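# 3D, please:
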Amino acid sequence: MKIHEKPEPRSRREFLKQAGWMGALMCLGGSRLFSLRKATADARAEAGHDFRYRTVSVRHIPELKAWMDRLDKAGKISRQKTFRSYIDYFEYAPPKTMANAQSLIVMATPLKISTIAFHVQGKKHAVMIPAGYVDDGLRLADYHNLVYENQIVGKGQKLELAKLPMKQLAVRSGLAEYGKNNITFVDGYGSYHQLLAFYTEQRLDDHWGRLKMLRLCKGCSICLKECPTRAIRKNEFIIDPEKCISLYNELPDPIPAWVPAGAHNALVGCLKCQTNCPGDEELKNDVWDLGEVSEAETALLLENRTNAETERSLRAKLKRIGGGDNLPYIARNLKLVLNARTGH
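Predicted coordinates:
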């Protein structure tokens, strides 16, 4: 097990409130996709126990809220209904069950891009899935154990999950730095990581600091050029979330007509601003292989005419993917990706 206190110098809507695409806005971040589900054996085999952490005092929580309020007042946070529902998830105070909370433990664990192969008309199509949309096997209890086993707090000390803008918190703590694409980067993990924070009644070191941007981003415009919908803006650090593909393809609602047909590149979410990012160069080829879907199964999925046996097989193969139990939803997103590749 490896731990690091700090980086070395470097309904479906309810589901998304905890884990969704909120990393697209620089101050936001969810908790995790599968934190409350029972771990599957294959997922646990993929999960590591490497992690990094920093600690800050709870007295800084009002500063998190004040920053968000300033951005909102300046009109820099989208008013889009779905997006606002994600922001409503935040709670800028410790839970009542921990009224005497003194510190926050901000943690990052590494994740990977995943790939699953579909077979269509004799051709194999490996479809990518961004980090964070696939179950890695770790649960809240596993995070608690990491805290106890590494003596961050005394064993048995109560821990409560924080519902805060995690990306801002991680950067303020010194655990992460912002990229120009508004995604956070953790040294050694790049942008492929999971952020969580826990309240504790134990008083820990306060590492609160200023917001920082990844040094590699200075003078670089790769993500700006790669973004297919121009959600990343040249003269505005906060992206335009209403133009981010992830806001739409994470939900089963119809994809807006203005989204370019060639923009779709992942089974859920979007990888365009990360694929060629120098901050992820050493990590992008280290992927989780989720296996293959046969040509017969793929055809039935795309044609929306699955039978009971095929459904069971597909659900088993897609079970680790967020939304994988909703076959029409997966079929829609797969069609978008395939059409983008063929130009249809």
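
# Looks to me like Lys124 is in a helix.
No. With DSSP: H, G, I helix; E, B strand; the rest coil as the criterion, Lys124 is assigned strand and is not in a helix.

# now it, which residues is it bridged with?
His119 (DSSP bridges).

# and what of Leu159?
Thr200.

# Quick check, it in contact with Glu201.
No. The pair Leu159 and Glu201 does not pass the contact test of C-beta atoms under 8 Å, sitting 9.4 Å apart. Every residue, glycine included, has its C-beta placed from N, CA and C.

# quick one: the strands in the chain?
Taking DSSP state E as the criterion, the chain carries its strands at 3-4, 51-57, 103-110, 113-120, 123-129, 159-161, 177-178, 184-185, 193-200, 287-293.

# Leu159 and Glu201: who's more crowded?
Ranked by neighbour count (other C-beta atoms under 10 Å), Leu159 and Glu201 place Leu159 first, with 21 against 17.

# Return the residues in contact with Pro252.
By C-beta atoms under 8 Å, 6 or more residues apart in numbering, the contact set of Pro252 is 12, 326, 328-329, 332.

# Buried subset of those as a ChimeraX selection?
Command for ChimeraX that selects the buried part of those, burial taken from 16 or more other C-beta atoms under 10 Å:
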select :329,332
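
# where in this protein is pLDDT low?
Applying pLDDT under 70 to the chain flags residues 1-48, 344.

# in it, which spans are helices?
Ranges of helices within the chain are 12-19, 41-46, 61-73, 81-87, 140-149, 166-173, 222-226, 245-249, 272-275, 295-302, 308-318, 327-342, based on DSSP state H.

# CA atoms of the longest one as PDB?
By that I understand helix 327-342. Extracted in PDB, the C-alpha atoms of helix 327-342 (Å, rounded to 0.1, in the frame of the first residue of the first chain):
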ATOM      1  CA  LEU A 327     -29.700  -0.900 -22.200                       C
ATOM      2  CA  PRO A 328     -31.600   1.700 -24.400                       C
ATOM      3  CA  TYR A 329     -29.400   4.400 -22.900                       C
ATOM      4  CA  ILE A 330     -26.200   2.500 -23.700                       C
ATOM      5  CA  ALA A 331     -27.500   1.700 -27.200                       C
ATOM      6  CA  ARG A 332     -28.200   5.400 -27.900                       C
ATOM      7  CA  ASN A 333     -24.700   6.400 -26.800                       C
ATOM      8  CA  LEU A 334     -23.000   3.600 -28.700                       C
ATOM      9  CA  LYS A 335     -24.900   4.600 -31.800                       C
ATOM     10  CA  LEU A 336     -23.600   8.200 -31.400                       C
ATOM     11  CA  VAL A 337     -20.000   7.000 -31.100                       C
ATOM     12  CA  LEU A 338     -20.200   4.600 -34.000                       C
ATOM     13  CA  ASN A 339     -21.900   7.200 -36.200                       C
ATOM     14  CA  ALA A 340     -19.200   9.700 -35.300                       C
ATOM     15  CA  ARG A 341     -16.500   7.300 -36.400                       C
ATOM     16  CA  THR A 342     -18.200   6.500 -39.700                       C
END
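
# I'm done for today, thanks for sticking with me.
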